[in-house]
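**Q** Could you work out the structure for the sequence below:
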Amino acid sequence: LPSLVSALPLKGVAPRLASAALEALGELAQASHTQLSPWVKDLIPHILETMQDQSSASKQQISLRTLGQISGSTGYVISPYLDYPQLLSQAADVLPGTKRAPWALRREVIRTLGILGALDPDRYHTVAPKTRKGGAVG
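**A** A predicted model of the protein is given here:
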């Protein structure tokens with residue numbers, strides 16, 4: 001398993017190859033369950049970096065699906081919000097504003113947030129007090 005994880009081309013490669021590597025990583029997470037846990041904190045930053053790439057909705061969708069597969073398979077839930085405070089705002093940015101975001105991508109955001117679980121807002125704001133600007137309307 002260590003050699004498989006280290007061999008995945010996640011950075012500095014063609015976009016399609018990175019997407020295929022993320023898909024393979026998600027499938028690996030579902031097959032290996034908690035055995036992937038030692039590498040989760042090394043892999044999540046690569047997934048978040050891919051999720052930020054707005055040039056390809058499919059790359060964003062694959063990165064969200066992979067994040068959900070890893071979180072669900074390894075039991076790494078709720079903690080990603082605290083370990084990576086930008087995660088919630090990055091994922092939420094896909095949802096509201098852009099009408100050009102495909103429904104499949106929006107659905108994947110909601111599915112992944114559901115897998116990651118609910119987080120106490122007070123606890124989140126102590127970790128990430130100013131991750132988003134603006135506020136709720138209404």
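**Q** For this protein, which segments count as helices?
**A** Assigned by DSSP state H, the helices in the chain fall at 2-7, 15-32, 40-52, 57-74, 79-83, 86-94, 103-116, 121-127.
**Q** will you turn those helices into TSV that also has mean neighbour count and mean pLDDT?
**A** (C-beta placed from N, C-alpha, C; glycine too.) Converted to TSV, those look like this (neighbours: other C-beta atoms under 10 Å; pLDDT from 0 to 100):
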stretch	mean neighbour count	mean pLDDT
helix 2-7	10	83
helix 15-32	18	91
helix 40-52	17	90
helix 57-74	22	93
helix 79-83	18	92
helix 86-94	17	86
helix 103-116	16	92
helix 121-127	11	81
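**Q** per-residue confidence at residue 130?
**A** Residue 130 is assigned a predicted lDDT (pLDDT) of 59.
**Q** chain center to stretch 30-39: distance?
**A** In terms of C-alpha atoms, centre = their mean, to the nearest Å, the centre of stretch 30-39 is found 16 Å from the chain centre.
**Q** List of residues touching that stretch?
**A** With C-beta atoms under 8 Å, 6 or more residues apart in numbering as the contact definition, stretch 30-39 has outside contacts at 1-2, 5, 28-29, 69-70, 72-76.
**Q** what two of those are the furthest from one another?
**A** 2 and 72 (21.6 Å; C-beta to C-beta).
**Q** got the contacts of stretch 30-39 as TSV, with distance to residue 109 columns?
**A** Shown next, in TSV, are those (distance: C-beta to C-beta, whole Å):
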residue	distance to residue 109
1	29
2	31
5	25
28	22
29	18
69	14
70	16
72	15
73	19
74	20
75	21
76	18
